[in-house]
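Enquirer: Any chance you could fold what I've pasted below:
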Amino acid sequence: MGLKLIPKDKGSSNKNQTLPKYDHEHVEAGTLEGPSALNAPTPFIDKIAVVLTITSTKLAQQIHSALYQAMTNDTEYFQSVAKHVKGFQLGKLITMPGCEERVRIDYNFQNSLANRIRLEFNPAKLGFWGMKELHGVLTSVMPEGWDHFVTDGRISRLDVAVDLIGVRMTKLKMQPKIGQSAQAWWSSDGKLKTYQWGKPTGTHTQIYNKTAEQLARGIAVTGPQVTRIERRLKNPKYKKLTDLAGMNNPFAGIVLTTSIPEAPPGGPSYVWPMFCDSVQVRTLDLALKLLPKHKRTVYRNQFTKAAPLWWNPEAIWKMWPAMLDEIKIGSTTAWK
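Expert: Numbers count the residues shown, from 1 in each chain. The predicted structure is shown next:
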């Protein structure tokens, strides 16, 4: 099966296809804390892992004859990786001309028959044209390429994120859903760097300083600070790529604010300032846990009412279908 690559439109780019638009002028001037209320952050898929199980003997034979050769030799499009994923015998990185993002492919076979193929990548970085080039590479080792993953693949991991441009971690007050465990990490100079709730071995939420992470990796960064909110869904309820458009809002129930609200009515006047100081040091969630149970709801509601207009999970999620349609990740007709 010869390699078939679909050329990319020279007038298009796969870089940052789904980045939201923000009121940068006011953010940088300091007259706006975070994104504009009229330009809510756009959700995007930061990482996805899809596993395809081959059930047809004929297809398993056909795929193995081409894929085994690609997975056991370094070529222009299949490059070596340092480690293998558990449960798979071979692993490679798929590289494509003009695409900075590389796709991880892992392969399991039995008796010269293809068994399972796993793909992991960042769809937001790949964009539509990157997806099209990935489809072209896949057609060199399996008929119909990416279409197989759309029709028969199962999602094992899905990271859905939004970027808050101009929002600093040091000013962000966060409330997870009630009952979830939380952890926080600070930098050496005492600044909040990462906040997480939920167990990292399963579905969890991570909020972190994306600008600091990029700088730590040696990536040059300009403009206002970016804070990323990421819902990492392991073995999500919606397994098929075609189900993504109808999935439930993963940001529902998350409350954020960057301001300290007024004190609730009642109680000694000195208690509220002390609590707010604790929020600055410990984070809102951990500070709430120090309060008596009957006070937690009252104080939590004060911060809920202070949520900025730009953090509206319902409005954010309304942009999800359009983002999916832009990159065509769940389409079987875009590659014909």
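Enquirer: mind showing which ranges of this structure have poor pLDDT?
Expert: Along the chain, the parts satisfying pLDDT under 70 run over 1-39, 177-180, 336.
Enquirer: Could you identify the longest strand within this protein?
Expert: If each strand of the chain is counted by residues according to DSSP state E, the longest one is strand 154-165.
Enquirer: Next secondary structure after it?
Expert: From strand 154-165 onward toward the C-terminus, using DSSP states H and E, the following helix or strand is strand 173-175.
Enquirer: Got phi/psi on Tyr270?
Expert: Comment: the main-chain dihedrals of Tyr270 come out as phi -80, psi -20, following degrees, to the nearest 10.
Enquirer: ok so, going back, with just CA atoms, put the longest strand of the chain into PDB.
Expert: Once non-C-alpha atoms are left out, strand 154-165 reads as follows in PDB (Å, rounded to 0.1, in the frame of the first residue of the first chain):
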ATOM      1  CA  ARG A 154     -13.100   4.400  21.400                       C
ATOM      2  CA  ILE A 155     -11.900   7.400  23.300                       C
ATOM      3  CA  SER A 156      -9.700   6.500  26.300                       C
ATOM      4  CA  ARG A 157      -8.600  10.000  27.300                       C
ATOM      5  CA  LEU A 158     -10.000  13.400  26.600                       C
ATOM      6  CA  ASP A 159      -8.500  16.700  27.900                       C
ATOM      7  CA  VAL A 160     -10.900  19.600  27.400                       C
ATOM      8  CA  ALA A 161      -9.400  23.100  28.200                       C
ATOM      9  CA  VAL A 162     -10.000  26.800  28.100                       C
ATOM     10  CA  ASP A 163      -7.300  29.500  28.300                       C
ATOM     11  CA  LEU A 164      -7.900  32.600  30.400                       C
ATOM     12  CA  ILE A 165      -5.700  35.300  28.900                       C
END
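Enquirer: Give me the sheet partners of it and which way each runs.
Expert: Within its sheet, and counting by DSSP bridges, strand 154-165 is paired with strand 44-53 (antiparallel), strand 226-234 (antiparallel).
Enquirer: Reformat those as a markdown table; add distance to Ile327.
Expert: Heads up, the C-betas are built off the backbone N, CA and C, glycines and all. Formatted as a markdown table, the strands paired with strand 154-165 follow (distance: least, C-beta to C-beta, whole Å):
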| stretch | distance to Ile327 |
| --- | --- |
| strand 44-53 | 8 |
| strand 226-234 | 18 |
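Enquirer: Just send the ones you listed back as CSV, with mean neighbour count and distance to Thr201 too.
Expert: Listed next are the strands paired with strand 154-165 as CSV, based on neighbours: other C-beta atoms under 10 Å; distance: least, C-beta to C-beta, whole Å:
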stretch, mean neighbour count, distance to Thr201
strand 44-53, 21, 15
strand 226-234, 21, 8
